[in-house]
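I need the structure of the sequence given here:
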Amino acid sequence: MNALIFALALYCAGFFAFSGPAGRSAEAAQLKRYTVSDGLASDTITAMASDKKGNLWAGTIDGAASFNGEKWEKYTVENGCLKDNAVWAVGVDEGDSYSKVWFGTGFGLAVIENGHWTHYVGAHENPKTKKKVDGNCPLSSNVINKIFVVKDSKNNRNNILIVAGGKLYKYNGEKWSTFDFPRDILKTSSITAMHARNGDCVWFGTSGSGVVEFDMAAMKITTYTKKEGLPSDYVTAVYAADDGRVWVGSENGLGIMENGNCVVYNYRNSKLVSDYVTGIEKVFYGNLVVATDKGINLHDGKGFLPLPALLGALNGRLIWSLNYSAVADVNYSQLWLGTRGFGLYSYKVAKDIKENQQEDLTKLAIENFNKQFYEQSVKNWDEVLALEPGNKDAMMYKARCFLKMQKPVQAQETLKTVISKNPDLKEAILLLGESYEAVHDYKQAVKAYDNLVIQYPKETDGFVLCARVLLKMNNFDDAVSYYTKALTINTELPSIYKGLARCFIAKNNLSKALDISLQLQYRKPDDVENNVQIARIYSSLHKYAEAEEELKKVLAADENNSSAKAILGLVSFEKGDLKEAEKNLSEALAVNFKDANAHALLALVHIDNDKVELARGELANARFVDAYEVLISYAEGRILELEGNFNEAIAYYNQAINTGYNTAAVHYRIANSLKSLEKYDEALREYHKVLALDPAFKKADDVKWIISKLTMPTDEELGGPVADTSGTASSSGSSGTSSATSTGTGTRPTLDDLDF
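Numbers count the residues shown, from 1 in each chain. Predicted structure coming up:
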């Protein structure tokens, strides 16, 4: 019983025993690193291949080496095996009765079979005598770039494909063949990668001409470049999958070609850890490993998979070479990862699916996430974490599920755990900030995003996100500071210009906002969001013709653009054309009912049309869509003012100001409400604010007239009551009565005098 309990404990912890080549026991997943101190020729691994016995053959910049599961053996110039220690390519050629390993070096080919070495060298110049020496093969260059072994099913043998000097060579075990590529293909580029799905069709990556498909049987060449959708014409890796798709690695991300289309993944639009792809290899459970200069990714053909925690140790490492080995008579498979300067890593995974629940659970969890079954996905991820408690990707998926389920607090707890162990994990920091924004905890959101600024000071993300949240907090000066810093890093990012413009709109510096928006329009003339914002600024500046002209351009390109229709409604409203405003806003909402700003604007139109109940309905819609829309408070204040609830109206107007709607219109309404409450001095201050904010305010003349009336001297200021010219003067010592109403702020003109 105790033994059974112990075995179950090991199983639940994710461990089990398997037999290796020498009968060793190991874990369900095991990562081990080998370096020069273990017997490698160098810690920079350039190429690898494995034979059917599971032996690894590795090329390095200082010789070659083999590993049989127990010990390493080195092959170099010094021990007579190679003619040059720089090994750039390795290939294994095996048949029923033979096994050969080919090494491509900086000086020809070296082949080992049963401990015996054979060398193939093309014609060359003797470095000592400077005389030309005939070679024993047709190689025009002795620097070997690539070796690939393909099956020749027709002749039941293998062909060795070799790339050297921009040419392709084939050796079938008896004779050599040479294939010259057209000059225009390799005129300014060289072959950088090679893979073959079968013996007749070979795919090449080039250093400037994209991908080349070479049908050797038909002698047909087809090229694919950025014009066909590749991420770059500089191809660093290529893999022709059995399902017909071709995976292309480049300096600008990963491309998957299928049926004439190419889907591109990069670190911005996917989980790819880096845009510089160095290798692609099919590995355990049919997945593909994508190696980069900053670690690796796993892909199941549908999407990126969470990386097992052990492989997380490779984060930041430049992976230069890959090899996958699955020997029939052992119950594990092995992924070899060669680095530049950090040695060689071996990752072993058990083949027994029952003992590898994590793979199935991970796929199920992702499947449920993609189906939006978030609660079930969380349960699946918890099962994965029970097997591997430190699985960062499982916790990240859990956090995403919580956010989708509108449980930001649970997301925060999960993300804090991830960040505590991975303080520079950008995606975790981004999601943490997002979770704080979801509950309007903007101070914590800024704190989270500021961590991005600290971790990635040369990237704009942290600066822009901090600025965006500060803008929500009405901290416009700090927001401007962050946006300005972002602009010093990247002058081409539209969101920076748009954010800066919004800051200056909120600060009522409309001319500055317009200047910034026009700068972006010069760079990105087709940026619809910016063009609509320009129209809004023109409207606020009372330049209605310019605003309408901008909106016409947007609607000419997209007649159903709801934002443009909404701003067109605003322009009509500002011009006093309530009928046209109602029409445009209704059309905008027909396209996009979730436009809270349009609902609130339509409510204001109904208020001016004395349709208060309709206005209440639109405000309810606006609150349903976005309870934080700033115009809601302003419109609520308008209704309360109409009902004579002036104190409550003023409270709502101030709320609108505090949430960013600091305009002449709202101060005008506050002033009128204060005037109605006979608080003339306070009203006077607000009327002055109206003209300060907008000298061209549509009722500016009325405001100036009121100010003149409110600043008329009182009887007391004139030195006493004016004499009664009717001849019925008050007797000495009696109290005279002014025609003006007496208030705590002095005697002012009557309300009737001030109404308009």
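
what about the spatially most central residue of the chain, is that helix, strand or coil?
Per CA atoms, centre = their mean, the C-alpha nearest to the average position across the chain is that of Arg268, at 3.7 Å. Recorded secondary structure, Arg268: coil (DSSP: H, G, I helix; E, B strand; the rest coil).

do the same with Asn297
Classification of Asn297 using three-state DSSP returns strand.

Ok, the one 5 residues further on next?
Secondary structure of Lys302, reduced to three states by three-state DSSP: coil.

Could you do the one 10 residues further on as well?
When classified by three-state DSSP, Gly312 comes out as helix.

Contacts only, for the closest residue to it other than its chain neighbours.
Leaving out its chain neighbours, the residue that sits closest to Gly312 by CB to CB, 6 or more residues apart in numbering is Lys392, at 6.3 Å. Every C-beta, even on glycine, is put in place using the N, C-alpha and C of the backbone. Lys392 makes contact with 306-307, 309, 312, 418, 421-422, 425, according to CB atoms under 8 Å, 6 or more residues apart in numbering.

likewise Asn647?
Applying CB under 8 Å, 6+ apart to Asn647 gives the contacts 673, 677.

Would you quantify the distance from it to Leu344?
Distance, Asn647 to Leu344, by CB to CB, to the nearest Å: 77 Å.

Stretch 207-223: which residues count as buried?
Residues of stretch 207-223 classed as buried: 207-214, 216, 223 (neighbour count, 16 or more other CB atoms under 10 Å).

Gln533 and Gln519, how far apart?
Relative to Gln519, and taking CB to CB, Gln533 is found at 12 Å.

More neighbours: which of those two?
In this view Gln533 and Gln519 are compared by other CB atoms under 10 Å, and Gln533 has more residues nearby, 25 against 15.

Now that one: closest residue in space, sequence neighbours ignored.
Ser517 is the one closest to Gln533 (CB to CB, 6+ apart), at 5.7 Å.

who touches the one you found in this structure?
Counting by CB under 8 Å, 6+ apart, Ser517 makes contact with 497-498, 501, 530, 533-534, 537.

Quick one, grab the pLDDT at Met1.
Per-residue pLDDT puts Met1 at 37.

go on, Asp694?
Per-residue pLDDT puts Asp694 at 87.

Excluding residues flanking it in the chain, which one is nearest it?
Per CB to CB, 6+ apart, closest to Asp694 is Ala664, 3.6 Å.

Isn't Asn136 up against Ala123?
No - Asn136 is beyond contact range of Ala123, at 9.6 Å (criterion: CB atoms under 8 Å).

Counting neighbours, what do you get for Lys302?
Neighbour tally, Lys302, other CB under 10 Å: 10.

For stretch 209-222, give me every contacting residue.
With contacts defined as CB under 8 Å, 6+ apart, stretch 209-222 is touched by 168, 170, 179, 181-182, 185-186, 188-189, 199-206, 223-226, 228, 230, 233, 235, 238, 246, 248, 257.

From those, list just the buried residues.
Neighbour counting with 16+ other CB under 10 Å marks 168, 170, 181, 185-186, 189, 199-206, 223-224, 230, 233, 235, 238, 246, 248, 257 as buried within these.

can you pull the pLDDT of the residue nearest to Gln533?
Per-residue confidence (pLDDT) for Ser517: 94.

returning to what we had before: ok, now how distant is the residue nearest to Gly312 from Ala428?
8 Å.

one step back: can you get me a residue count around the residue nearest to Asp694?
22.
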